[in-house]
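Visitor: Model the following, please.
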Amino acid sequence: MASTFLIIAPLGQTYIENKLPFNGVNTITVDAWSSKSDFTDHQGNISVLNLPAGDYEVYTWLAGNFVPIRIPYAKFTVEAGKAVYVGEFYLPVACRANTLGGFRDQEDRDLSFVRQKNPAFASVVFDKRIARFAGYIVNNKQ
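Guide: Numbers count the residues shown, from 1 in each chain. Here you go, the predicted model:
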């Protein structure tokens, strides 16, 4: 069974085909079969990452035996000392090489959940910067 991951990497880092990127990369699973949902009405998980200031790219990575032709990616920026909300990553079907996902604004729902699960975030102000499509990682950038 293949697994779908969301990769958050420093902008411009080389994509490594068929191998999980490393070197400052954060990996979040987005498969329904591998993680219990944080919601009762759909599969999904809330993730909070502590990233150093900088520019980042986000893309999906499907673990399995195939070489991707094109992988869409999105970009966002983190400023020192600031919390950033980049949105809900929506993937209509997991574990498919041709499924396109994207980011949607679910700030009220998501941040309410984060604050409920971790009261330390109660007074944190988040800058909303919904990640947007920026091109393709393979056959465009590299």
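Visitor: Let me see the confidence value for residue 100.
Guide: At residue 100, the model reports a pLDDT of 65.
Visitor: now the one 10 residues further on
Guide: The model reports residue 110 with a pLDDT of 94.
Visitor: Would you check that it makes contact with residue 88?
Guide: Yes - look at residue 110 against residue 88 with CB atoms under 8 Å: they come within range, at 6.3 Å. For every residue, glycine as well, the C-beta is placed using N, CA and C.
Visitor: any chance you could map the helices in this protein?
Guide: For the chain, the helices defined by DSSP state H cover 107-117.
Visitor: Ranking helices and strands of it by mean pLDDT, which lands last?
Guide: Every helix and strand in the chain was compared by mean pLDDT, DSSP states H and E; the lowest is strand 26-29, with a mean of 76.
Visitor: and that one, what does it pack onto?
Guide: When contacts are defined as 3 or more CB pairs under 8 Å, 6 or more residues apart in numbering; DSSP states H and E, strand 26-29 sits against strand 3-10.
Visitor: Adjacent strands (with direction) for the strand it packs on?
Guide: Note on strand 3-10: by DSSP bridges, its sheet partners are strand 26-29 (antiparallel), strand 54-63 (antiparallel).
Visitor: isn't residue 11 right up against residue 75?
Guide: Yes - in this structure, residue 11 is within contact of residue 75 by CB under 8 Å, at 6.3 Å.
Visitor: From the structure, what's the count of residues near the residue nearest to residue 114 when sequence neighbours are not counted?
Guide: Residue nearest to residue 114 in three dimensions, not counting chain neighbours: residue 121, with 5.2 Å by CB to CB, 6 or more residues apart in numbering. For residue 121, the count of nearby residues is 14 (other CB atoms under 10 Å).
Visitor: For residue 121, give me the pLDDT.
Guide: 95.
Visitor: Contacts only, for it.
Guide: By CB atoms under 8 Å, 6 or more residues apart in numbering, the residues touching residue 121 are 48, 83, 111, 114-115.
Visitor: For burial, what's the neighbour tally of residue 87?
Guide: Quick note: residue 87 (other CB under 10 Å) scores 20 neighbours.
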